[in-house]
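# Sharing a model prediction with you, sequence too.
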Amino acid sequence: MRSGFLPARVVQVHPTRACNLACAHCYSDSSPNKYDALGAAPLIDALAGLRAEGYEIVSFSGGEPLVYRELDRVACAAREQGYRAHLITNGLLLSETRLQSLRASFDLVGVSLDGQESTHNAVRLRADAFAKAMRALRVLSESDMRFGIVFAVTAKSFGDVPWVFELASELGAALLHLRPLAPEGRARSMSNDWALGEEDCTRLYVLGELLAAHSPDTLRVQVDLVPVSHLSEARTQFALLNATMRIETLSDAVNPLVIDERGCCLPFSYGIDPGLELANILATETTGAYRPRPESMLRITKLLERAFDEAEQDSASCIDWFAHLTRMSRDQGRERMPNAAALTA
Amino acid sequence: MARETIAREEAVTETPVGLADVRQNDVGDLRLALARAVAARKVPDDAILAVAKTLAAGKNRIRGIDVCIYGICIDYFFEGDQWIRALPELVRGKDARVYSVEAFPWGIPWPDLFRVRVQAEFDQFAGYNPNTLGDGARQGASLPGLGSVGAVGGVRVQ
């Protein structure tokens, strides 16, 4: 059964912020200078507890997951627990040899791209980033591994969307995920000429529909935008807002669930207000710790109600729902702690 | 409205062969050319907004989008007579200036599958074709002799 906007119930794991790149748009502020990383044992325990709460996909991101030393061990354990495992990588370390070991643990590998060569390298701040991402895509294309392209859409890469669609089609990708640039982390410091405006988002929605209608059955095109006109119906898909839906597990109420590099379990999106933390896997020893608790469900319900109310009054025709939720959560957090708002200001 | 009481027999007048008025490659080129024009911002914002409202207006899964001489045609698939019940919603979009609705039985091997094509008027898209789209050139929205049948808001089941 659906829970929220996503068709499947997902745990997003960001086990480290260590990365072999320091991209200009990185929402998690990852870089080679970040050394924090979760241990395998608490992560595997947490995934077992969350599996019992109905989650079915675990998606590893970061940081760069291929520099996380425990990746294969955690992913193998997750597979044994019954998860489907996904991975999103910048592709720099994805060689044929590395792919052989990943095949045992992962169901889908996504390679992130930010545009054609000059744009990609400008964002990635590395001259060979594009060449290496393309090499990774070729390696995946020549294997029997399901793979996708995760494409960050900015004002500068917008014109490259048809190109990346053709690339995904030619390589035999299973997924083209178009993600509008979210003003989070280091992306907040990028100049305005990278940012997408309201009209750009509407245009991207139409473009995504055009490409989805054009794509072969084997290629799924997904755009992280929702028409505002769909929101009133979308409310009914959130169990916290729909009295007719029963909440028996955490995944009934919260989807996706994020585990960040500090072990925090957060609802919906990396970077959401820490006041909404559901648990910390480093402080939790029993699987029952992930049951939905009334006090945290109340806070999340308030956030959802407010996010829907504001979005429905928005003049925009399409919104990036998870970016919107993240912004709204910070507003809610500032109201709860006015002194923090003063400090931020 | 008459469109809500249309008999299935009246609505189904073409076989899937009738869709094959252009080669598959041409259709692919056309759609990709349209996507390129949208991505290159050659289609104006107001047209994009109107199309977005139309696309977002329905709950049914869109299975194809093409340009046609009226503007945009959107394809859906339905099993059995579900398309008849869905018809009001297909033509209801806020800015959907629907010109016509065509329903085709998909035929062997799926005789009970119907492809429904909704043609909506969007002047900015009308007359695009693979040879002109990339340059941003376009023909006029109306074709001689079609003015009276192309009335805004009209629905015709062929």
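On my side now, so go ahead.
# any idea which element whatever residue of chain B ends up closest to chain A lies in?
Minimum separation of chain B from chain A (Cβ to the nearest Cβ) falls at residue B:56, amounting to 3.4 Å. Placement of C-beta: from N, CA and C, glycine included. If you go by DSSP states H and E, residue B:56 is part of helix B:45-57.
# Would you mind getting the angle between the following helix or strand past that helix and helix B:45-57?
Using DSSP H and E, the helix or strand that follows helix B:45-57 towards the C-terminus is strand B:64-68. Interaxial angle, strand B:64-68 versus helix B:45-57 (axes from the mean of the first three to the mean of the last three Cα atoms, to 10 degrees): 140 degrees.
# The next helix or strand after strand B:64-68 packs against which elements?
Using DSSP H and E, the next helix or strand after strand B:64-68 towards the C-terminus is strand B:71-79. Strand B:71-79 is packed against helix B:45-57, strand B:64-68, helix B:82-90, strand B:113-121, with contacts defined by 3 or more Cβ pairs under 8 Å, 6 or more residues apart in numbering or on different chains; DSSP states H and E.
# If you count neighbours, what's buried in strand B:71-79?
Buried residues in strand B:71-79, counting neighbours by 16 or more other Cβ atoms under 10 Å in any protein chain shown, are found at B:71, B:72, B:73, B:74, B:75, B:76, B:77, B:78.
# tell me the least confident of those residues?
Among the buried residues of strand B:71-79, residue B:71 carries the weakest pLDDT, at 79.
# what's the neighbour count on the residue of chain B closest to chain A?
Residues near residue B:56, counting by other Cβ atoms under 10 Å in any protein chain shown, number 21.
# pretty sure it is touching residue A:225, no?
No: under the criterion of Cβ atoms under 8 Å, residue B:56 makes no contact with residue A:225, lying 10.1 Å away.
# that older thread, got a list of what the residue of chain B closest to chain A touches?
A:205, A:227, A:229, A:230, A:317, A:318, B:93 (Cβ atoms under 8 Å, 6 or more residues apart in numbering or on different chains).
# Tell me how far the fourth one lies from residue A:300.
To residue A:300, residue A:230 is 21 Å away according to Cβ to Cβ, to the nearest Å.
# okay, those two: which has more neighbours?
More neighbours surround residue A:300 than the other of residue A:230 and residue A:300, with 21 against 15 (other Cβ under 10 Å).
# Cross-check the contact I'm expecting between that one and residue A:276.
Yes: taking Cβ under 8 Å as the definition, residue A:300 is a contact partner of residue A:276 at 6.2 Å.
# residues shared between the contacts of those two?
Joint contacts of residue A:300 and residue A:276 (Cβ under 8 Å, 6+ apart) are residue A:267.
# Give me the common contacts of residue B:56 and residue A:225.
A:205, A:318.
# For chain B, name the helix or strand with the lowest mean pLDDT.
helix B:8-11 (a mean of 31; mean pLDDT, DSSP states H and E).
# What parts of chain B come near chain A?
Contact residues, chain B versus chain A (Cβ under 8 Å from any Cβ of the partner chain): B:28, B:31-32, B:34-36, B:38-41, B:45, B:48-49, B:51-53, B:55-57, B:59, B:62-65, B:75, B:94.
# which of those are buried?
B:31-32, B:34-36, B:38-39, B:48-49, B:51-53, B:55-57, B:62, B:64-65, B:75.
# Quick one: the strands in the stretch 51-200 of chain A, in order.
A:57-60, A:84-89, A:108-113, A:146-153, A:175-180 (DSSP state E, counting those that start in this stretch).
# For chain B, find the nearest of those.
Each of the strands of the stretch 51-200 of chain A has some distance to chain B by Cβ to the nearest Cβ; the shortest is strand A:146-153, at 9.8 Å.
# Need the residues that contact that closest one.
By Cβ under 8 Å, 6+ apart, strand A:146-153 touches A:25, A:88, A:107-115, A:123, A:137, A:140-141, A:157, A:160-161, A:164, A:167-168, A:171, A:173-181, A:196, A:204.
# residues from chain A in reach of chain B?
Near chain B, when you scan chain A using Cβ under 8 Å from any Cβ, you find A:158-162, A:165-166, A:199, A:202-203, A:205-207, A:209-214, A:227, A:229-230, A:233, A:317-318.
# Report the secondary structure element holding residue A:207.
helix A:198-214.
# looking only at pLDDT, what's the mean for that helix?
For helix A:198-214, mean pLDDT rounds to 90.
# Over to stretch A:73-90?
pLDDT averaged over stretch A:73-90 gives 97.
# Quick check: bridge partners of residue B:78?
Note on residue B:78: beta-bridge partners by DSSP bridges are residue B:114.
# got a list of what it touches?
B:60, B:86, B:113, B:114, B:116.
# number of nearby residues for the nearest residue to residue A:61 once chain neighbours are set aside?
Nearest residue to residue A:61 in three dimensions, chain neighbours excluded: residue A:88, at 4.7 Å (Cβ to Cβ, 6 or more residues apart in numbering or on different chains). Residues lying near residue A:88 (other Cβ under 10 Å) number 20.
# OK, contacts around residue A:88?
Applying Cβ under 8 Å, 6+ apart, the residues contacting residue A:88 are A:59, A:60, A:61, A:62, A:65, A:109, A:110, A:111, A:112, A:150.
# Taking the stretch 101-250 of chain A, what residue is nearest to chain B?
For the stretch 101-250 of chain A, Cβ to the nearest Cβ, closest residue to chain B: residue A:227, 3.4 Å.
# For that residue, list each beta-bridge partner.
With DSSP bridges as the rule, residue A:227 is bridged to residue A:318.
# just residue B:65 next, same as before
Going by DSSP bridges, residue B:65 forms beta bridges with residue B:74.
# And the helix ranked longest in chain A, what does it pack against?
Longest helix in chain A by number of residues (criterion: DSSP state H): helix A:294-313. The contact analysis (3+ Cβ pairs under 8 Å, 6+ apart) places helix A:294-313 against helix A:231-235, helix A:321-336.
# what about that helix, distance to the chain center?
Centroid separation for helix A:294-313 versus its chain: 20 Å, with Cα atoms, centre = their mean, to the nearest Å.
# re the thing from before, for the contacts of residue B:78, which ChimeraX command selects only the ones that are buried?
Filtering those down to the buried ones (16+ other Cβ under 10 Å) takes a single ChimeraX command:
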select /B:60,86,113,114,116
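# Just the buried residues of stretch A:299-311, please?
So stretch A:299-311, judged by 16+ other Cβ under 10 Å, has buried residues A:299, A:300, A:303, A:304, A:307, A:308, A:311.
# Then stretch A:94-106?
A:94, A:99, A:102, A:105, A:106.
# What is the burial count for residue 80?
You didn't say which chain, so I picked chain A. That count, for residue A:80 with other Cβ under 10 Å as the rule, works out to 11.
# The chain in question should be chain B.
11.
# ok, it to residue A:35 distance?
Taking Cβ to Cβ, one finds residue B:80 at 60 Å from residue A:35.
# ditto for residue A:138
Residue A:138 is 32 Å from residue A:35, by Cβ to Cβ.
# next one: residue A:242
43 Å.
# okay, those two: which has more neighbours?
For residue A:242 versus residue A:35, neighbours defined as other Cβ under 10 Å are more numerous around residue A:242 (12 against 9).
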